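Student: sequence first, then the predicted structure:
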Amino acid sequence: MAASISGYTFSSVCYHSANSNSDHEGFLLGDVRQEETVSISDTQISSAELLQVVEIHNHDPCAQLFSFYDYAGKLNEENLNSILKDRRKNVIGWYRFRRNTQQQMSFREQIIHKQLTQLLGVPDLVFLLFSFISTANSSTHALEYVLFRPNRRFNQRITLTIPNLGNTSQQEYKVSSVPNTSLNYTQVIKEHGAEFFDKDGVMKDIRTIFQVYSALQDKVQAVCGEVEQSERVREKIQEDVNKLKQQIALRKHKTAEEEKRLCAAQNADSHPTPEENTEPSEASPLSRITFHTPSAPERPSTSPNPPSYSDLLSQDDSLLSSSSPPTSAALLPRPQAVGSPGHPTPGPLGMGPGLGLGLGASSNPVTTPSTPYLGNGDGSSSDSLDRQAAGQEDDEDDEDEDEDSSEYENLVSEAGHPPMVSASVLAQGRPAALSPDGDARGSQTT
Amino acid sequence: MNNMSPEVALHRISPELRPMLCSVVRDGRVGLDSTNCLRVTDLKTGCTSLTPGPCCDRFKLHIPYAGETLKWDIIFNAQYPELPPDFIFGEDAEFLPEPSELPHLVQWDAGDPECLLQLVKELIQQYHHYQCQRLRESSRLLFEYDSLLEDPNYGRNMEIYAGRKNSWTGEFSARFLLKLPVDFSNIPVYLLKDTALDPGEDVALLSVSFEDAEATQVFPKLFLSPSIEHALGDSLALQIPAFPSGGCLIDYVPQVCQILNNKVQYVIQGYHKRREYIAAFLSHFGMGVVEYDAEGFTKLTLLLMWKDFCFLVHVDLPLYFPRDQPTLTFQSVYHFTNSGQLYSQVQVSYPYSPRWDGNEMAKRAKAYFKSFIPQFQEGAFANGKL
């Protein structure tokens, strides 16, 4: 059994008691409820614990001693009824206050308690004993209280808790379940309640808020629908794009083969072309459409022997055919509109990944009209580099664009913008005009 | 506050309650052991601390019972002195007397100074019944109680204290305190007079402690009121037999009673015998008697002369005379010892028989004086100086 008493009831009883110049007694009003706790553990399916909770809401002090019993402790039911009136059904116990005495039920209290239990029909009637203990020199006064359950064996004592009397910074502030029985409170609420409560007794604000909530929910649902539609449209467009890419790749392949044949014919007479083509070569017909090659998950730069241009191209084709979505957005070259300063003129098709490598390291004569890769050593695109040089954009934007680049944004000239290569490759393919850290401001670093 | 004198308690109690407390502390004797008065301690007040004193209205009352001391809290209300008190029965939390058995509670009269004392006596009676009920936990002890109850000599003057010796093992123990039906009225008054305080009632109490329910560890003890103790000699002189194993109280208690009775009779007889002895000596020696103890008849001094030799004879009669022989001390009136005392010789063995009557003893004493004096005289002249 557990018991609790509301703070105001407790303080009220203490106040009455402290101000009385003799022993003092009264009745406790409240509720008794049963709490069942079901706990499930590994060892057993479930176990239910029943706890009886006594809640003391109010008290009814007696005007004087012996007001409802005689010298022998025999109860007078008439007097009892006149004291309790209609509160009789709410009685769950009674209390007594006596100064400087032991915390033990006295002879008369036990006699009275037995009769009260029978008369009020409360089998577990409780008894609350208050006592003031003062030291001999009146320097210290202690208020002691004990709640007894006398109808049990050995006059069982129950712990009485007072909600929120304690360190509320560490404990949760408990809202009391004590009903407000004050008449004044009921009157005021009746008078002014219509402003706040609707006919069902629910607060109006709550209804309004709920309506807002419902409206918001509807909107969200509608937006979801729109998003779904737009996503479907996007999906369709994406499919179209992929198809087009495939077509591009096909054409590239054909063009590359043609050029191969041409090169093979030309190689018999001319020298191999320089390593880096810093100047834009003739634009290919396809440069009108700016596309970005998708990022290559397999970098040719990891192999000890740098692959040949043809190998790179074939890799590129396979990537394009698979129409794999861009993997790491950070690795994709920076998108940029055609014609913007610093933006290299899109070169011919065939500039696959690792072009710089091919140009720089390989001894194979590669005639690439496309622009060389202007990497800055960290893997970002040359576009970003150019933009940094031109002071157009800052690093953050670059990174953002890189990271959340969609396919739309990353559609730049493949010829003009070779895709990512590894740092080691970049180091090899760096143009001489660049500073070691890839700053496009040039070699003058002041 | 412990060991509070009655006067202090009376001074601190609320004036309206003073008469009742007065009768309790001054005249309050309850139970068999009425030599011990009721004692009051731990006086407290039920009023606020700002109330001017004296306003104490609650205290602890110490009540001797069956060899124990009960400590009961008595709670009045100084603001309502006409109301009856409440009680807290200390450790006996299960003791709950029936209010209808307490007439002085039901008809509480605050104007009667004896009301509280009477109520306490009624409560003690109820407490006794409660303890007797508790004996039912041991059939052996219950048998002891029932058998004593049947005997009117003991049944009416019995206090039982039944308590658990060990709350863990539940070993049961009990103490019986019995007032022995011995008549002390014929003990010569002089024997009872030498106590400093008011001796109270002459009583002999036998306390028998059963340390276990099977009565295998039984410890009897005899308690005498101070005057009786003085009259009969202390308890060392009065040895009671040990409780026989397998025995029971209904056999043992009469045995102790008998021993005590015998002792009392002996003392009474001894007194009479002494008186007879002194009377005989008075008649035989007439003018030779210097002085004698006219109350207890324990001493006699004679001044005698033999062939112009005067000497004193001091006769000391012991308590258990005539069983024990009187001591004769001869003293010369002329000679002194080196320490300045009169020369004397003590004689403890001389012809004597306890069966002689006083007359015979006087005659024989006279004959002995005559035979011994020449020897004494020589000794006095030889060892004493004039």
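Tutor: Sure, I can see it. The model shown is predicted, which means the values in this text are computed figures rather than measured ones.

Student: how far off centre is the helix or strand hosting B:Cys257?
Tutor: Per DSSP states H and E: B:Cys257 is located in helix B:249-285. Its chain's C-alpha centre lies 18 Å from the corresponding centre of helix B:249-285 when counted by CA atoms, centre = their mean, to the nearest Å.

Student: tell me which residues in it are buried?
Tutor: In terms of neighbour count (16 or more other CB atoms under 10 Å in any protein chain shown), helix B:249-285 has its buried residues at B:249-250, B:252-254, B:256-257, B:259-261, B:263-264, B:266-268, B:270-271, B:273-278, B:280-282, B:284-285. For glycine as for every other residue, the C-beta is placed from the backbone atoms N, C-alpha and C.

Student: packing partners for that helix?
Tutor: Packing partners of helix B:249-285 (3 or more CB pairs under 8 Å, 6 or more residues apart in numbering or on different chains; DSSP states H and E): helix B:139-150, strand B:204-210, strand B:218-224, helix B:226-232, strand B:289-292, strand B:299-306, helix B:358-383.

Student: please redo it, this time with the cut-off set to 7 Å
Tutor: Applying 3 or more CB pairs under 7 Å, 6 or more residues apart in numbering or on different chains; DSSP states H and E, one finds that helix B:249-285 contacts helix B:139-150, strand B:204-210, helix B:226-232, strand B:289-292, strand B:299-306, helix B:358-383.

Student: relative to strand B:218-224, how tilted is it?
Tutor: Orientation check (axes from the mean of the first three to the mean of the last three CA atoms, to 10 degrees): helix B:249-285 against strand B:218-224 gives 30 degrees.

Student: quick one: low-confidence parts of chain A?
Tutor: Applying pLDDT under 70 to chain A picks out residues A:44, A:153-154, A:167-181, A:270-446.

Student: ranges for the helices of it?
Tutor: With DSSP state H as the criterion, chain A has helices at A:7-19, A:77-84, A:107-120, A:183-192, A:204-267, A:309-322, A:355-360, A:382-390, A:395-403, A:423-429.

Student: most tightly packed of those?
Tutor: Highest mean neighbour count among the helices of chain A (mean count of other CB atoms under 10 Å in any protein chain shown): helix A:355-360, with a mean of 25.

Student: hmm, back to that, and the helices of chain A: which comes nearest chain B?
Tutor: Among the helices of chain A, the nearest to chain B by CB to the nearest CB is helix A:107-120 (4.3 Å).

Student: mind checking if the closest one is in reach of chain B?
Tutor: Yes: Helix A:107-120 is in contact with chain B by CB under 7 Å from any CB of the partner chain, via A:Phe107, A:Arg108, A:Gln110, A:Ile111.

Student: as JSON lines, the helices of chain A with distance to A:Val126 would be great.
Tutor: Formatted as JSON lines, the helices of chain A follow (distance: least, CB to CB, whole Å):
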{"stretch": "helix A:7-19", "distance to A:Val126": "14"}
{"stretch": "helix A:77-84", "distance to A:Val126": "16"}
{"stretch": "helix A:107-120", "distance to A:Val126": "9"}
{"stretch": "helix A:183-192", "distance to A:Val126": "27"}
{"stretch": "helix A:204-267", "distance to A:Val126": "38"}
{"stretch": "helix A:309-322", "distance to A:Val126": "81"}
{"stretch": "helix A:355-360", "distance to A:Val126": "90"}
{"stretch": "helix A:382-390", "distance to A:Val126": "80"}
{"stretch": "helix A:395-403", "distance to A:Val126": "69"}
{"stretch": "helix A:423-429", "distance to A:Val126": "81"}
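
Student: re the thing from before, next, the angle from the helix holding B:Cys257 to strand B:299-306.
Tutor: Helix B:249-285 runs at 30 degrees relative to strand B:299-306, counting by the same axes, to 10 degrees.

Student: contacts only, for residue 14.
Tutor: Reading this off chain A. Contact analysis of A:Cys14 by CB atoms under 7 Å, 6 or more residues apart in numbering or on different chains lists A:Leu143.

Student: sorry, I should have been clearer: chain B.
Tutor: B:Ser14 makes contact with B:Pro54, B:Cys55, B:Cys56, B:Asp57, B:Ala78, B:Pro81 under the criterion CB under 7 Å, 6+ apart.

Student: then A:Tyr145?
Tutor: Neighbour list for A:Tyr145: A:Leu128, A:Leu129, A:Phe130, A:Leu160 [criterion: CB under 7 Å, 6+ apart].

Student: try it again with 6 Å
Tutor: Taking CB atoms under 6 Å, 6 or more residues apart in numbering or on different chains, we find A:Tyr145 in contact with A:Phe130.

Student: B:Leu177 too?
Tutor: B:Leu177 is in contact with B:Leu32, B:Ala66, B:Gly67, B:Glu159, B:Leu205, B:Ser207, counting by CB under 6 Å, 6+ apart.

Student: regarding it, what is its secondary structure?
Tutor: strand (DSSP: H, G, I helix; E, B strand; the rest coil).

Student: need the residues of chain A near chain B, please.
Tutor: Contact residues, chain A versus chain B (CB under 6 Å from any CB of the partner chain): A:21-23, A:71-73, A:99-100, A:102, A:104, A:106-108, A:110, A:134, A:138.

Student: most centrally placed residue in chain B?
Tutor: B:Ser225 (1.0 Å; CA atoms, centre = their mean).

Student: quick one: the residue of the stretch 251-386 of chain B found nearest chain A from B:Phe223, how far?
Tutor: Residue nearest to chain A within the stretch 251-386 of chain B: B:Val253 (34.0 Å; CB to the nearest CB). Computed as CB to CB, to the nearest Å, the B:Val253 to B:Phe223 distance reads 14 Å.

Student: go on, A:Asp269?
Tutor: The gap separating A:Asp269 from B:Phe223 is 148 Å, by CB to CB.
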